[in-house]
Each structure stands twice: as structure tokens, then as C-alpha cells.
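**Q** What would the 3D arrangement of this be:
(one chain, ligands or ions: 1)
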Amino acid sequence: MKKNIQIAIDGPAGAGKSTIAKIVAEKLSYTYIDTGAMYRALTLKALKEHIDLENAESVTNLLKETIIALKPSERGQLVFLDGQDVSKEIRSNEVTGNVSRVACHASMRKIMVEHQREMAEHGGVVMDGRDIGTAVLPNAELKIYMSATVAERARRRFEDNKQRGIESSIEKLKEEIALRDKLDSEREASPLVQAPDAIYLDTTDLSIQQAADEILKLVSERMA
Ligand code: C5P
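**A** Down below sits the predicted model:
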């Protein structure tokens, strides 16, 4: 029986990846790694320092002098940028609206991916993002590609934002999600795409618990 496997969960914005990945990680006593939070933290710093987001070299150099750390806490995973807790700030509309422009640079991603691989090297991780199964952990024992309709994903983001105290409109969210899908899927560097060996999970009509149970079932099969 295998222990401490690597579980890769990819998919577009709002598919339920992070909520479901957290439940799966908790159930297995694994570490949850939210790679989107790392790109968001870098975007926050780039915006604060007025870095040209389209300039690959500037964005890459910025990452070289940045420390991004994810730390578990009772309030969930916290994100630290150069030692400062930015867990809330990285979810702002401004960061969300700009993160895909930062995340598209190949030279920056190379460094980010190395860091992510180190975090996962001992296994026992559930890592979510866009390129985990294809680029970060190509040998992960279990790969899931999770999606849902744009309308359902926008509805979930709306509820999520409401809980976080962020105002939003469903129509705007739909547009924002569709644009982010397009940028993430059409970029040259590690685009959002289903790995050939990933299992497709449509969460449109599934509750959070049902989706988590589906994954836990697959985990037991892989571990057997
Ligand atoms: O998952 P989340 O919506 O927080 O991700 C924010 C953005 O970070 C994505 O839209 C994408 O541009 C980028 N990202 C990425 N690769 C990952 C995770 C996120 O390019 N592995």
C-alpha cells in the first residue's frame, strides 16, 4: 500500500479546486498547496511596486527577490509575502484582474515551479493550480482536471466574495472568469490544459462533499 502520494488538481477559475482540495487534504492529513495564491502574491507585489506586468524580465527579477510562503493555520492556509500576511489582499479584484498577465511569463514560471516541486517532493500533498499535472508534478499518482460551467463558477465566486466581504456582480464575474480562462488556456507557457492521464471531474451538479468523496475514492484506488 502506497502512502503519501502526490495529488494534482487542475482546472479553470471557480471550478471548486481549492475548497475541495482542502477537504481532501484534511481527510488524508496531507498538506494543501494553493499555487494560485503564489502567483497572486507576486502580482500583489508587482502592482505595489508599479512593475510593468507585460515585461517578463522585470516580473522574473521581482520574483528572484521575493519570498512567498504558505503556512497552515486554524483559519486555513495563510499566504506570506516577504514575511507579511497577505492572505486577504491577494483576493482583491485588482489582483484577480491582473494575475493572468503576470502568470504568463515562462522565465518567472520556471522559478515558481521549482519552488512548488520542492514543496511537494516528499509527497503527502494535494496541490492545485493550472499546470500541476502537466508541468509541476508530471509523475503525480493522481491527477484530476476539475471544471464546471461558467455560469456555475460565477455563481460560486459571487457567494465566495460575499462571504469575504468583497462586492461583485454575477455578470461581471462571468466576464472576468471567461477572460481569465481564455488567457490561462491560450498562453504559450504551461497553458491550462487537461493532462492526458488526468481524470475529468465536472462539478457543476456536485456538492462540495460529493466532489471530495469522488476524489477520495480515487485516492484509495491509487493507494491500494
Ligand atoms: O487558482 P487561482 O484562481 O487563485 O489562480 C489565479 C491565477 O494564477 C490563475 O488565473 C492563473 O493565471 C495563475 N495560475 C497559474 N498556474 C497555476 C496556478 C495559478 O498560472 N499553477
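**Q** quick one, strands of the protein?
**A** Under the criterion DSSP state E, the chain contains strands at 6-10, 31-34, 68-73, 76-81, 84-85, 125-129, 142-147, 199-202.
**Q** Return the list of strands paired to the shortest one, each annotated with direction.
**A** What it means is strand 84-85. Using DSSP bridges, strand 84-85 pairs in its sheet with strand 76-81 (antiparallel).
**Q** Those residues of the chain touching the ligand, which are they?
**A** Residues of the chain found near the ligand (Cβ under 6 Å from any ligand atom) are 13, 35-36, 39-40, 99-100, 103, 129-132, 180, 184. (Each C-beta comes from the backbone N, C-alpha and C, glycine too.)
**Q** Can you show me the CA trace of the worst-scoring helix or strand of the chain on mean pLDDT as PDB?
**A** Averaged element by element with mean pLDDT, DSSP states H and E, the chain has its least confident helix or strand at helix 150-164 (a mean of 90). C-alpha atoms of helix 150-164 as PDB (Å, rounded to 0.1, in the frame of the first residue of the first chain):
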ATOM      1  CA  VAL A 150     -19.000  29.400 -16.500                       C
ATOM      2  CA  ALA A 151     -22.500  30.300 -15.000                       C
ATOM      3  CA  GLU A 152     -22.000  27.900 -12.100                       C
ATOM      4  CA  ARG A 153     -18.400  29.100 -11.500                       C
ATOM      5  CA  ALA A 154     -19.500  32.700 -11.500                       C
ATOM      6  CA  ARG A 155     -22.300  31.900  -9.000                       C
ATOM      7  CA  ARG A 156     -19.800  30.200  -6.700                       C
ATOM      8  CA  ARG A 157     -17.300  33.100  -6.900                       C
ATOM      9  CA  PHE A 158     -20.200  35.500  -6.100                       C
ATOM     10  CA  GLU A 159     -21.000  33.600  -2.900                       C
ATOM     11  CA  ASP A 160     -17.400  33.300  -2.000                       C
ATOM     12  CA  ASN A 161     -16.800  37.000  -2.400                       C
ATOM     13  CA  LYS A 162     -19.900  37.800  -0.400                       C
ATOM     14  CA  GLN A 163     -18.500  35.700   2.500                       C
ATOM     15  CA  ARG A 164     -15.200  37.500   2.200                       C
END
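**Q** And it, what does it pack against?
**A** Helix 150-164 is packed against helix 170-186, with contacts defined by 3 or more Cβ pairs under 8 Å, 6 or more residues apart in numbering; DSSP states H and E.
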